[in-house]
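Below are the sequence and a predicted model; questions follow.
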Amino acid sequence: IAENNKGAEFAPLLAVMPDAENFEDVTATLAGVPESVIAIYKETTGKGYVFRVVSTGYKSGMVIMIGIDSEGKITGSKCLETQDTFGKEPLIDNSYNGQSLADFAPNLIAGATMTSNGYRDAVSNALQSFTLASGGKLDPAIALEAKIAELAGVVVPEGTKIQLLDMATGELYEMPESMV
């Protein structure tokens, strides 16, 4: 029974990292990851990590698993839960395979722009979290881009200057007017 329960527990993880042998939940050990990353699993033989991320597509509550190997390349992604009604998530699942933070390129599906954007944000947050989990530091420009993407769609009065504070370094960044 315990073996069957373990298999069921790891099934979503294995779906995005098929070569994995076993996983350890390391969520509590990592600080500074984006808030949308709700669980982090380390593959116990060093093959990489799997991230459980909550994002917002057309509606909130999209839950996506993203596997990233030890080299920082995506091994798989799968939408586990969604409130979106379009059913386009399977078209996006695994479309990011092989990408890393350095060559990350969004995949947009016609007729599902908001779902695609939510998926993109989840994958971006997982890639950033991998950098932190593997002992690296985030490039402030990448973190700024992610924050700008997170704020996309927020309406502010014309001429308003938006500044973002990097809580890790204390540096203040001003959002370019072209992005407001």
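Done, it's in.

Please determine how far the residue nearest to Glu71 when sequence neighbours are not counted is located from Ile68.
Residue nearest to Glu71 in three dimensions, not counting chain neighbours: Ser100, with 7.5 Å by C-beta to C-beta, 6 or more residues apart in numbering. Heads up, the C-betas are built off the backbone N, CA and C, glycines and all. Per C-beta to C-beta, to the nearest Å, Ser100 is found 8 Å from Ile68.

what do the two both touch?
Overlap of the contact sets of Ser100 and Ile68 (by C-beta atoms under 8 Å, 6 or more residues apart in numbering) consists of 74, 127.

if we can go back for a sec, for the residue nearest to Glu71, the count of nearby residues, please.
Neighbours of Ser100 under the rule other C-beta atoms under 10 Å: 16.

got the residue ranges for the helices in the chain?
2-16, 89-92, 113-133, 140-151 (DSSP state H).

Go through these and find the least confident stretch.
Comparing mean pLDDT across the helices of the chain, the weakest is helix 140-151, with a mean of 56.

where does the chain dip in pLDDT?
For the chain, the stretches flagged by pLDDT under 70 are 1-7, 85-86, 138-173, 175-180.

where exactly do the strands run in it?
Along the chain, the stretches classed as strands by DSSP state E are 23-25, 37-43, 48-56, 60-69, 74-81, 163-165, 172-174.
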